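# Quick one: sequence and predicted model below, then my questions.
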Amino acid sequence: MKKINLAVVGATGMVGRTFLKVLEEKDLPIENFYVFSSARSAGSKIIFKGKEYIVEELTETSFDRGIDIALFSAGGDTSTKFAPIAARKGCVVVDNSSAWRMDEKVPLVVPEVNPEDIKWHQGIIANPNCSTIQAVVALKPLHEYYSITRVVYSTYQAVSGAGMAGWSDLEESLKGNLPKKFPHPIASNCIPHIDVFLDNGYTKEEMKMIEETRKIMHVPDLKVTATTVRVPVFNSHSESINVEFEKPFELSELVDVLKNAPGIIMQNDSANNEYPLASTATDHDEVFVGRIRRDESVNSGVNLWVVADNIRKGAASNAVQIAELLIAALQ
Ligand code: A2P
């Protein structure tokens with residue numbers, strides 16, 4: 001098997017550390033391994049597969065050494081500047097920021113949904129928003145069977161989605177200290193405000209979910225709306241998803257469709273209090289689906305409760321799965 005040179009950019013961050021963890025579990029054929037951060041953490045040490053690596057400051061010459069794949073999670077500004085530099089040097093960037101997601105030349109990929117899109121990359125592949133990834137894993141099989149006409153998202157998002165700063169805000173907020181990351185104390189609130197507000201009254205997070213769902217599912221005119229909410233949960237995002245279909249469906253068949261779809265674990269036994277929870281989804285790569293019930297207010301519609309580890313499937317594991325597809329294509 002051809003071995004590759006792999007880099008992690010933002011290796012000291014919340015997602016970056018999980019990249020390392022997932023890469024250790026997956027056993028990719030790595031020849032040389034590099035870890036980058038800003039000047040702040042440069043020089044610190046990271047242990048990967050029992051070997052010590054020194055974190056290097058990311059600079060314009062960082063990719064001058066035959067790096068095949070770089071997993072980026074160092075914020076939008078870093079990706080905007082450095083992903084094209086890496087791509088020009090022949091590296092394929094799998095970028096976790098939102099900087100490139102809606103660029104027409106950049107595929108936006110969830111391996112269970114649109115793996116074929118990696119074929120047309122020009123050096124950058126975008127990893128979707130965490131809330132979008134878990135949603136489309138559940139929506140794709142339903143679209144294939146029943147043709148989705150409208151989606152309503154309501155999210156309950158963990159603080160880990162806001163990085164180390166978000167995590168520490170919840171810890172500090174639980175002690176009664178004032179927030180540094182969020183606009184209000186997160187310990188006792190559900191904050192309906194993730195990312196910045198836009199002119200249309202939506203937040204950028206909400207528009208990401210709307211636009212990215214259309215792009216990944218290849219349905220540019222799909223009717224989608226979203227309300228995204230930060231909740232006092234450390235890890236794993238929960239989502240209520242209301243879906244309307246063109247075609248009629250049998251509920252038992254729809255449950256089977258989801259049960260047999262790739263990357264899904266069904267927890268749909270309400271009689272025994274079994275439904276997806278953030279605490280059980282944490283540390284897993286699958287998307288957990290339950291509370292499946294007919295929406296009795298429309299002709300053909302369903303309600304779902306969908307939970308996944310936003311740092312693993314919502315970020316690191318999805319990016320590593322994309323890297324696996326790239327490596328398989330090289331063999
Ligand atoms: P650093 O540790 O040097 O700040 P999180 O979102 O969890 O806060 O993580 C952000 C990650 O992105 C960290 O690894 C951080 O490194 C890295 N990072 C931030 N700014 C830059 C930059 N300009 N160049 C490279 N890495 C950066």
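Okay, I see it.
# residues from the stretch 51-200 of the chain in reach of the ligand?
58, 74, 75, 78, 163, 164, 165 (CB under 6 Å from any ligand atom). Where you see a C-beta, it was placed from the backbone N, CA and C, and this is true even at glycine.
# Would you mind checking these for buried ones?
58, 74, 75, 78, 163 (16 or more other CB atoms under 10 Å).
# Buried residues, stretch 286-302. List them.
Buried residues in stretch 286-302 (16+ other CB under 10 Å): 286, 287, 288, 289, 290, 292, 300, 301, 302.
# Against the ligand, how distant is the residue nearest to residue 255 when sequence neighbours are not counted?
Excluding its sequence neighbours, the residue lying closest to residue 255 (CB to CB, 6 or more residues apart in numbering) is residue 292, at 5.6 Å. Here residue 292 is placed at a distance of 34 Å from the ligand (CB to the nearest ligand atom, to the nearest Å).
# do the same with residue 129
14 Å.
# who's in contact with that residue?
98, 101, 205, 208, 209, 212, 314 (CB atoms under 8 Å, 6 or more residues apart in numbering).
# One more pass at 7 Å, please.
Going by CB atoms under 7 Å, 6 or more residues apart in numbering, residue 129 touches 98, 208, 209, 212.
# Make CSV out of those and add neighbour count, distance to residue 246 and secondary structure.
Formatted as CSV, the contacts of residue 129 follow (neighbours: other CB atoms under 10 Å; distance: CB to CB, whole Å; DSSP: H, G, I helix; E, B strand; the rest coil):
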residue, neighbour count, distance to residue 246, secondary structure
98, 19, 30, coil
208, 23, 25, helix
209, 29, 21, helix
212, 24, 22, helix
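# Which of the buried residues of stretch 286-302 sits closest to residue 331?
residue 286 (25.9 Å; CB to CB).
# Just the buried residues of stretch 65-77, please?
For stretch 65-77, using 16+ other CB under 10 Å, the buried residues are 67, 68, 69, 70, 71, 72, 73, 74, 75.
# Looking at the residues you listed, which is nearest the ligand?
Nearest to the ligand, judged by CB to the nearest ligand atom, of those is residue 74 at 3.3 Å.
# quick one: the closest one and residue 8 touch, right?
No: checked against CB atoms under 7 Å, the pair residue 74 and residue 8 is beyond contact range at 9.4 Å.
# Of all the residues in the strand or helix carrying residue 304, which ones are buried?
If you go by DSSP states H and E, residue 304 is part of strand 301-308. For strand 301-308, burial by neighbour count (16+ other CB under 10 Å) applies to 301, 302, 304, 305, 306, 307, 308.
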